[in-house]
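> Just to be clear, the model below is a prediction. Sequence and coordinates:
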Amino acid sequence: MSRFRLSFALVVVVAVAVGATLAAADTGNGVVRVPKGEPVQIAVVLPQTGGAAFITPPIKQAIELAVGGRTIRGFPIKLNYYDGPCDDNVVANAATATTVVGNKKNVAVIGHVCSTAFAGLSPPPNADATALSIYENSGIVTINGSTTGEWLPGVGPNVFNGVAVPNPEGSAWYANVQALKSDKDWYAANFGANVPLFADLYYDATNLLLKRLAQESEVKDGTLVIDRAELAEAVRDTKGFCGVTGKVSLDNGGYRVNAITPCP
């Protein structure tokens, strides 16, 4: 081989290697790129097994009602369902979280449902080995409509969000929410006389997430670009989002502010 051909070959090899490194760094760094024709993927973690599995069908229905036929800047939405059993099953939920973050196309997580299964005990002696800590370390935002454990913001300071009010006020607050006309009308239209727990809250949580996704994403050269950190910050900064459960504002830790304000 001539010196020119050898030099050219080396340049090509180096260029390919550098390009591959840059591409890997580019697709990492908390940025998700969705090519044209592919969907925006969102993980949904609900109890499919265990003693709390009975609450999943109406919550799943509410999430799917919120998604409907919507798109994110013209890109379809795909919900990826995972099992997140309650029963204080920290190990199973951590394994699920590992699977969720292993799919680099998941841009956010709806769930988990139960506080202790999500982030261990209070105070959490094993907080670094919980589902929420795995999401925190991966920088993938989470939002749910059912947890009330007041220690969760400490485990997921940047990615935890919940549209319910934490204990000890949670139960009384939720009873008042379910007395709102908007909440009653929504249940009547979608569930009839049946009023399953948390469906309304997950409906609002999903709508909030989708709105922030649309606001924070952008299309570049036909590809949808989503910065996970910017999305997490936008969700956390929510103030006065209008839902069937009234106006939703989140505090600095990600929990809903304890107020009941009907939407106009």
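Received the coordinates, thanks.

> low pLDDT regions in the stretch 101-250 of the chain?
Within the stretch 101-250 of the chain, the stretches with pLDDT under 70 are 123-127.

> since we're on Pro166, how many residues are nearby?
Residues lying near Pro166 (other C-beta atoms under 10 Å) number 22. C-beta coordinates here come from the backbone N, C-alpha and C atoms, glycine included.

> Pull the contacting residues for it.
Thr147, Thr148, Gly149, Glu150, Leu152, Tyr255 (C-beta atoms under 8 Å, 6 or more residues apart in numbering).

> one more time with 10 Å, if that's ok
115, 147-153, 173, 251, 253-256, 258 (C-beta atoms under 10 Å, 6 or more residues apart in numbering).

> so what pLDDT did Asp88 get?
We have a pLDDT of 89 for Asp88.

> That one in helix, strand or coil?
coil (DSSP: H, G, I helix; E, B strand; the rest coil).

> could you measure the closest residue to it other than its chain neighbours against Ser146, distance?
In space, not counting the residues next to it along the chain, Asp88 is nearest to Thr116; the distance is 4.6 Å by C-beta to C-beta, 6 or more residues apart in numbering. Here the criterion is C-beta to C-beta, to the nearest Å. By it, Thr116 lies 12 Å from Ser146.

> And Ala179, by the same measure?
Taken as C-beta to C-beta, the span from Ala179 to Ser146 is 19 Å.

> Next: Pro58.
12 Å.

> Now for the two: what residues contact both?
By C-beta under 10 Å, 6+ apart, the residues touching both Pro58 and Ser146 are Leu197, Phe198, Tyr202.

> Thr147 is in contact with the last one, correct?
No - with contact defined as C-beta atoms under 10 Å, Tyr202 does not count as touching Thr147 (11.5 Å).

> between these two, what contacts are shared?
Gly111, Val113, Val163, Ala164.

> closest to Asp221 among these?
Gly111 (32.9 Å; C-beta to C-beta).

> Now for Gly102, how many residues are close by?
9.

> That one reaches Ser138, doesn't it?
Yes - taking contacts as C-beta under 10 Å, Gly102 lies within contact range of Ser138: 9.4 Å.

> what secondary structure does the residue nearest to the spatial centre of the chain sit in?
By C-alpha atoms, centre = their mean, the chain has its centre lying nearest to Val109, at 2.6 Å. Secondary structure assignment for Val109 (three-state DSSP): strand.

> Do I have it right that Gly111 meets Val141?
No - here Gly111 does not reach Val141: they are 11.9 Å apart, not a contact under C-beta under 10 Å.
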